[in-house]
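J.: here is my input, please return the structure:
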Amino acid sequence: MPRWMLMFVLMPLLAALGAASAGCLPSARTGDLYSDNPAPLLDAIHRAGRQRDQAAVPRLIELLDHDDDAVRMFSIQALARITGVEDRMGYDPYAPATRRRAAIRRWIDAARDGRLGGEASPPARVELD
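T.: The predicted structure follows:
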C-alpha cells in the first residue's frame, strides 16, 4: 500500500484515539446506574460496590430484578460489599424470577427498616408481581 494511502487510513484512526483520550467519546467510566448500555451500567455497579456507595443501594436493589444475568450478579455482589450482608438474603441472580423476587422483597424490607446501615432507603421503582 502506498504511503499516501496509509495516511487516509491512519488519520481517522489517530483522530478517534485522540478524541477518546481527550474525553470526547463516551467511556464505560462515565456510565451510571441508570444506563441502558450494559458496559457502562456494569462499570457503575462495580464502582459503587468498590467505593461502598450507600447512596447506590436503592438502585442496586432495583437492579436485582434486571433482565440481564450479569447485571443481577454484579448488583448483588455490590450490595453484599456495601451492606456487609454476607448471606445476600437468599438472593441468587440465576434463580427463577419468583424465587429472586422473594429475596428482593427481603432486601426492600431491610432497606425500609434501616437494617442495611448508612443512609440506605427502599427503592422507589421496584414493581414485584
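
J.: okay, stretch 102-109 in PDB with CA atoms only?
T.: Written as PDB, here are the backbone C-alpha positions of stretch 102-109 (Å, rounded to 0.1, in the frame of the first residue of the first chain):
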ATOM      1  CA  ALA A 102     -39.000 -13.100  47.300                       C
ATOM      2  CA  ALA A 103     -35.300 -12.300  48.100                       C
ATOM      3  CA  ILE A 104     -35.800  -8.800  46.600                       C
ATOM      4  CA  ARG A 105     -38.700  -8.200  48.900                       C
ATOM      5  CA  ARG A 106     -36.400  -9.100  51.800                       C
ATOM      6  CA  TRP A 107     -33.800  -6.500  50.600                       C
ATOM      7  CA  ILE A 108     -36.600  -3.900  50.200                       C
ATOM      8  CA  ASP A 109     -37.900  -4.600  53.800                       C
END
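
J.: and Tyr91, how close does it get to Gln51?
T.: 21 Å (CB to CB, to the nearest Å). The C-beta positions use only the backbone N, C-alpha and C, and glycine is treated the same way.

J.: Ile45 contacts Val57, doesn't it?
T.: No - at 11.6 Å, Ile45 and Val57 do not qualify as touching, with contact defined as CB atoms under 8 Å.

J.: tell me which of those two has more neighbours.
T.: More neighbours surround Ile45 than the other of Ile45 and Val57, with 29 against 25 (other CB atoms under 10 Å).

J.: what sits against that one?
T.: The contact partners of Ile45, taken as CB atoms under 8 Å, 6 or more residues apart in numbering, are 33, 56, 60, 63, 71, 74-75, 78.

J.: just the helices in the chain please.
T.: 3-21, 38-50, 57-63, 69-83, 97-112 (DSSP state H).

J.: many thanks, I have nothing further to ask.
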